[in-house]
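1. below is the sequence, then the predicted model.
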Amino acid sequence: MSGAAFGTGTPTGACPCGSLLAYAVCCGPLLDGERPAATAEALMRSRYTAFSLGDEAYLVRTWHPRTRPDRIGLDQGVRWTGLDVRRSERGEPDDEDGVVEFVASWTDVDGSTGRLHEVSRFTRRAGRWVYLDGELR
């Protein structure tokens, strides 16, 4: 699965999050503010998409203010190339918290590759899912 190149604008085909849905019906409406994420996993997928598109404003909006850094500092030399959701616990529409474990793959401008393996925690704030924090594996 290939992700969108960093900062290349709005995808016209499949969503970078790997859901097999079109961006316009998957993460696009979340990033555009048309609707909030219904589940913690949907928020995690949309945040991956925001990273792949370089949408720092969305990442700030969906990060709990208590744990959010002052600046996210996206690395423009990284191209996110794939997302594998390993598991989700809770995080459904009626839950107040949730956990999503994922592995995100990347390629750097020098051709090196890597993987980010994280167990992320999400919570509700004012009725909307937000990223709380994560533990790298």
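-> Right, received. Where do you want to start? Residues are numbered from 1 along each chain as shown.
2. check the secondary structure at the most centrally placed residue in the chain for me.
-> When CA atoms, centre = their mean is applied to the chain, the residue found nearest the centroid is Arg47 (2.0 Å). Following DSSP: H, G, I helix; E, B strand; the rest coil, we place Arg47 in the helix state.
3. repeat that for the one 4 residues further on.
-> Following three-state DSSP, we place Phe51 in the helix state.
4. find the nearest non-adjacent residue to it, please.
-> The spatially closest residue to Phe51, leaving aside those adjacent along the chain, is Trp80, at 5.7 Å (CB to CB, 6 or more residues apart in numbering). C-betas here are computed from N, CA, C, even on glycine.
5. mind checking the SS state of the one you found?
-> strand.
6. so who does the residue of the chain most remote from its centre touch?
-> In the chain, counting by CA atoms, centre = their mean, Asp110 sits farthest out from the average C-alpha position, at 23.8 Å. Counting by CB atoms under 8 Å, 6 or more residues apart in numbering, Asp110 touches Gly77.
7. from Val99, how far out is the residue lying closest to Cys17 once chain neighbours are set aside?
-> In space, and not counting its chain neighbours, Cys17 is closest to Arg45: 3.7 Å by CB to CB, 6+ apart. Note on Arg45: its distance to Val99, by CB to CB, to the nearest Å, is 14 Å.
8. any buried residues in the host helix or strand of Ser88, and which?
-> Per DSSP states H and E: Ser88 is located in strand 78-90. By 16 or more other CB atoms under 10 Å, the buried positions in strand 78-90 come out as 78-83, 85, 88.
9. I'd like to know which elements it is packed against.
-> Packed against strand 78-90 by the contact rule (3 or more CB pairs under 8 Å, 6 or more residues apart in numbering; DSSP states H and E) you find helix 40-53, strand 97-108.
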